[in-house]
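S.K.: here is a sequence with its predicted model. Questions after.
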Amino acid sequence: MLDIDYFRHYNDVLGYPAGDKLLSEFANMLSALVRTRDIVTRYGGEEFAIILTDADSKLGFEVAERIRTSIENYPFEGREIQPKGKLTVSVGVATYPANASSKEDLLRVAEEALYRAKHTSKSRVALYFSVFDDLKTELDQSDLSLLNTIKTLITVINAKDKYTFGHSERVVRYSSVLAEQLGLGEEQVKYIKYGAYLHDIGKTEIGRDILNKNEPLALDEWSLLKCHPQWGADIVKPVNALKQILPQILYHHERFDGGGYPNGLVGTDIPLNARILAIADSFDAMTTVRPYQKARSLNEAVQELLRCSGTQFDPQLVESFIKSLKTIQFENEELVS
Ligand SMILES: [Fe+2]
C-alpha cells in the first residue's frame, strides 16, 4: 500500500489539474517499476495498492524500497514545492498468508503498516509486524480467540485516541532498550515488550471525548482515566499466556515515592517491569504532542526525567535509561551527551 506524502499540499499550491496529472504520471511509473504479472491499482485519493504475486516479505520490502527511491529521484513537475523539495511516498508492506488470513485482512494489515510509515517519518517503507504474531506460537487454542479480541481492542484505541497513535510501539521500543541495557534475560525482555504494547488497553473503556480533550481533565474525568490500569489488567487476565504482564499493566502509573495509582506502592515494591514501563511511557508522552501539551525536545525530556528521578521514577533505572537512549536513532533530533 502506497501513499503520496503531502499530496494535499501539492494540490493546494498547484491546483487539482496539476494534481491529477501527477497522479497519472505516478501510476504509470508504478506500473513500470513492477513485473507485468503484478497488479497496480489506485486505492483511493493519493493511495495506491500493488499486489505482488509469489512474493514474500523480503521481496515485498525490496520492491517497495526500489519504488520509494525511484519516486524520490524522479523529476516530477512541481516537486520543488513539496516539504522535502521532492515527491516522496510512504509504503506499508504486508504478506499473505504470513500476516493475514483473508483478502480483507491483508488490506487491513497493509494499511496499518502504511499508517506506521506515515506516522513515524513519512518517505519510508514499513513492514507489517505484530507482537501478536510472536505470541501466537506460544498460545493454546483457548487463548487465541481472546487474543484476537485484544488485538481488535488495540485497533479501537488507535482509532479513538489519535494522540497516542504509535505510542504503544514507541513505548515497546524504549522499554526494550532499557531492559537490554539492564542485562535482563531474553524471556523477561519479551514479556516487558508485550506488557508495553498492551499497557493502555484499559483505555478502550474510556470515552473519546475524555481521551482527546483539549484542556485539563475535570476531577470526575480524571478519576475515570485513573481506572485504566485496573481495567487493562481485567481485560488481559483471562489470557493464560499473558499472566506475567498483569503487574506491568496494573502498576505502570505507580510512582517511586508512593504517590502513584492504583495502589500507591513505594520503591522496589513496584514490580521492576512496571518501573521500566513507567519511564518509557512518560518519556514518550513528553516527547510527543498531546492535546494540551507541546512536545519537549529529547534533551528537555532527559532533564525532566532527571528532575523526577527518585520521586516519580526509580533513580537507577533513570540513569540506565539515559544511557540506553544513546543506542536509539532518533528522526530529527540528537541527544546531547
Ligand atoms: Fe497508562
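M.R.: Nice, I can see it.

S.K.: could you pull out the strands for the stretch 51-200 of the chain?
M.R.: Here the stretch 51-200 of the chain has its strands, by DSSP state E, counting those that start in this stretch, at 89-93, 125-127.

S.K.: in the stretch 101-250 of the chain, which spans are helices?
M.R.: Here the stretch 101-250 of the chain has its helices, by DSSP state H, counting those that start in this stretch, at 103-120, 131-136, 141-160, 167-181, 186-198, 208-211, 219-225, 228-236, 246-250.

S.K.: of those helices, which stretch is the most buried?
M.R.: Among these, helix 246-250 has the highest mean neighbour count (mean count of other CB atoms under 10 Å), at a mean of 24. The C-beta positions use only the backbone N, C-alpha and C, and glycine is treated the same way.

S.K.: tell me what the very next helix or strand once past that one is packed against?
M.R.: Per DSSP states H and E, the first helix or strand lying C-terminal to helix 246-250 is helix 272-287. On a contact count with 3 or more CB pairs under 8 Å, 6 or more residues apart in numbering; DSSP states H and E, helix 272-287 meets helix 167-181, helix 186-198, helix 246-250, helix 298-307, helix 315-325.

S.K.: now mean pLDDT too, for those helices, in TSV please.
M.R.: Listed next are the helices and strands packed on helix 272-287 as TSV, based on pLDDT from 0 to 100:
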stretch	mean pLDDT
helix 167-181	89
helix 186-198	88
helix 246-250	97
helix 298-307	94
helix 315-325	96
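
S.K.: out of those, which comes closest to residue 268?
M.R.: helix 315-325 (9.8 Å; CB to CB).

S.K.: pLDDT weak spots in the stretch 51-200 of the chain?
M.R.: Applying pLDDT under 70 to the stretch 51-200 of the chain flags residues 120-121, 131-143, 145-147, 156, 158-165.

S.K.: one more pass at 80, please.
M.R.: 116, 119-122, 129-166, 169 (pLDDT under 80).

S.K.: just to revisit the earlier point, of the strands of the stretch 51-200 of the chain, flag the one that's most buried.
M.R.: strand 89-93 (a mean of 27).

S.K.: verify the contact between residue 40 and residue 67 for me.
M.R.: No - look at residue 40 against residue 67 with CB atoms under 8 Å: they stay out of range, at 10.0 Å.

S.K.: the closest residue to residue 82 other than its chain neighbours: neighbour count?
M.R.: Using CB to CB, 6 or more residues apart in numbering and skipping residues adjacent in sequence, the residue nearest residue 82 is residue 6, 5.6 Å away. For residue 6, the count of nearby residues is 18 (other CB atoms under 10 Å).

S.K.: residues contacting residue 6?
M.R.: Residue 6 is in contact with 82-83, 88, 122, counting by CB atoms under 8 Å, 6 or more residues apart in numbering.

S.K.: mind checking how far it is from residue 69?
M.R.: As judged by CB to CB, to the nearest Å, residue 6 and residue 69 stand 18 Å apart.

S.K.: what separation do you get for residue 318 and residue 250?
M.R.: 22 Å.

S.K.: residue 119 too?
M.R.: 28 Å.

S.K.: list residues touching both of residue 40 and residue 67?
M.R.: In contact with both residue 40 and residue 67: 30, 34, 50, using CB under 8 Å, 6+ apart.

S.K.: my guess is the first one meets residue 67, correct?
M.R.: Pointing back at residue 30 there. Yes - taking contacts as CB under 8 Å, residue 30 lies within contact range of residue 67: 6.6 Å.

S.K.: so for the two, which residues contact both of them?
M.R.: Contacts common to residue 30 and residue 67, judged by CB under 8 Å, 6+ apart, are 2, 50.

S.K.: where does the record place the domain boundaries for the chain?
M.R.: According to automatic domain parsing, the chain comprises the domains 1-129, 131-337.

S.K.: contacting residues for residue 13?
M.R.: 78, 81.

S.K.: what angle separates the host helix or strand of it from strand 89-93?
M.R.: Assessed by DSSP H and E, residue 13 sits inside helix 7-14. For helix 7-14 against strand 89-93, the angle by axes from the mean of the first three to the mean of the last three CA atoms, to 10 degrees is 160 degrees.

S.K.: if you average the pLDDT over helix 7-14, what comes out?
M.R.: Average pLDDT, helix 7-14: 94.

S.K.: okay, buried residues for that helix please.
M.R.: Neighbour counts over helix 7-14 (16 or more other CB atoms under 10 Å) mark 7, 10-11 as buried.

S.K.: thought residue 62 was touching residue 125, still the case?
M.R.: No - the criterion here is CB under 8 Å, and residue 125 misses it with residue 62 at 9.4 Å.

S.K.: what's the local residue count around residue 45?
M.R.: Neighbour tally, residue 45, other CB under 10 Å: 11.

S.K.: for it, which non-adjacent residue is spatially closest?
M.R.: Using CB to CB, 6+ apart, the closest residue to residue 45 is residue 7 (7.4 Å).

S.K.: residues contacting that neighbour?
M.R.: Here residue 7 is in contact with 19, 45-46 (CB under 8 Å, 6+ apart).
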